[in-house]
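In: coords please:
(chains A and B)
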There are 2 protein chains.
Amino acid sequence: MSAHSHEIEEGLAFLPKFDAAGLVTCVATDVATGDVLMVAHMNDEALRNTIATGEAWYFSRSRNALWRKGETSGQTQRVIEIRTDCDQDAVWLRVEQIGAACHTGRRSCFYRKIEAEGGGAKLVFIDDVRLFDPNDVYKK
Amino acid sequence: MSAHSHEIEEGLAFLPKFDAAGLVTCVATDVATGDVLMVAHMNDEALRNTIATGEAWYFSRSRNALWRKGETSGQTQRVIEIRTDCDQDAVWLRVEQIGAACHTGRRSCFYRKIEAEGGGAKLVFIDDVRLFDPNDVYKK
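Out: Prediction:
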C-alpha cells in the first residue's frame, strides 16, 4: 500500500476524494430505524455546510445547484453523525428525518423491492404511503 | 411529470438507470444492525447475478472487472432484500455479511466519523477492529 493510500485509509485527516464532477456519493439513513432514506451527492460546499450546520446539504446533478434538504418541502434532515469510508469517496449521514425524504412524498426513496421473476425481475411496493402530496409541495 | 418519469417512479417494471459508465450505485447495509457496510457499484451483469443467485456481485471501477463479493477474501454477502429508489439509479442491498465487508478487514468501510474542528473537519475512529489481516488475505 502506498503512503498516500495509507494516509487515506488509516489517517485522521478528512481528505474527501471528489469524482470528475467534483462530487462524493452520500447515503442518508434514518437514525431510528437504520433504513436507507436516499442516495444523493455532495460537492465540497454541500459537505462543508453539512458539517458546519448539522443539517443536510446536497448538490443536485439535475438542477446543477447546491441544495439544503427540505428548503422547498420543509422535510429537513438533522444530522446526528457523519462518517466516511475507507477510500473517502463516500459519506454516510445518520439523520433525523422530518417527514419524508423522497420527492414523491414517501418516507424513503427506496419504497420498492426488486424480486426475481423468471429470468428477469419485477418491482413490488413496500411502502406506498405518501406523507405529503408532491403536487402541493413542488408545483405551487 | 412525464409518462416516462411516472413509469420509472410509480411502475412495477425494473428499469435500472445506468450512468455513462454503465453503473448504478449500490449501498449494502447489515440486515441485523442497519449499519451501512459499503457503497459500491453494479453493472448490468452484477445486478443480474445478484438477483439470480442471492449473493452480492459488484463491478470494480478500479479493476474494471465483475466481482463476486468475497471471492478472494471469503467475506461473502447473502442478500436478504434488494430495493431500488425512485429514479432507479441506485440499489440498496440488505445483507447478512460474513465477517468483514471492508478490504481493510473492518466490519464496515465506514469505520471513521467526521467531526467539525475549527472551520474544518477531522476523522475519529469508531471501529478499529480488523476481523482479518488484509496482508494475509490479499497478498498471498
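In: got phi/psi on residue A:45?
Out: Dihedral pair for residue A:45: phi -70, psi -40, per degrees, to the nearest 10.
In: what do you get for the one 10 residues further on?
Out: The phi and psi torsions at residue A:55 (degrees, to the nearest 10) take the values phi -120, psi 150.
In: what do you get for the one 3 residues further on?
Out: With angles defined as degrees, to the nearest 10, residue A:58 sits at phi -130, psi 180.
In: the residue in chain A positioned nearest to chain B - how many residues pack around it?
Out: Closest to chain B within chain A is residue A:34: 1.8 Å, counting by C-beta to the nearest C-beta. C-beta here means a position set from N, CA and C on the backbone, and glycine is covered the same way. Neighbour count for residue A:34, taken as other C-beta atoms under 10 Å in any protein chain shown: 17.
In: residues in contact with it?
Out: Listed by C-beta atoms under 8 Å, 6 or more residues apart in numbering or on different chains, the contact partners of residue A:34 are B:29, B:33, B:34, B:35.
In: at 10 Å instead, please
Out: By C-beta atoms under 10 Å, 6 or more residues apart in numbering or on different chains, residue A:34 lies in contact with A:94, B:29, B:30, B:31, B:32, B:33, B:34, B:35, B:36, B:94.
In: is it possible to get a markdown table of the residues you listed that adds pLDDT and secondary structure?
Out: Listed next are those as a markdown table, based on pLDDT from 0 to 100; DSSP: H, G, I helix; E, B strand; the rest coil:
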| residue | pLDDT | secondary structure |
| --- | --- | --- |
| A:94 | 98 | strand |
| B:29 | 98 | strand |
| B:30 | 98 | strand |
| B:31 | 97 | coil |
| B:32 | 95 | coil |
| B:33 | 95 | coil |
| B:34 | 96 | coil |
| B:35 | 97 | coil |
| B:36 | 98 | strand |
| B:94 | 98 | strand |
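In: ok, of those residues, which one's closest to residue A:3?
Out: Of all these, residue B:36 has the smallest distance to residue A:3: 27.8 Å, by C-beta to C-beta.
In: can you tell me how far that closest one is from chain A?
Out: Residue B:36 is 5 Å from chain A, where distance means C-beta to the nearest C-beta, to the nearest Å.
In: show the contacting residues for that residue.
Out: By C-beta under 10 Å, 6+ apart, the neighbours of residue B:36 are A:27-29, A:34, A:36, A:83, A:85, A:90, A:92-94, B:27-30, B:92, B:101, B:108-110.
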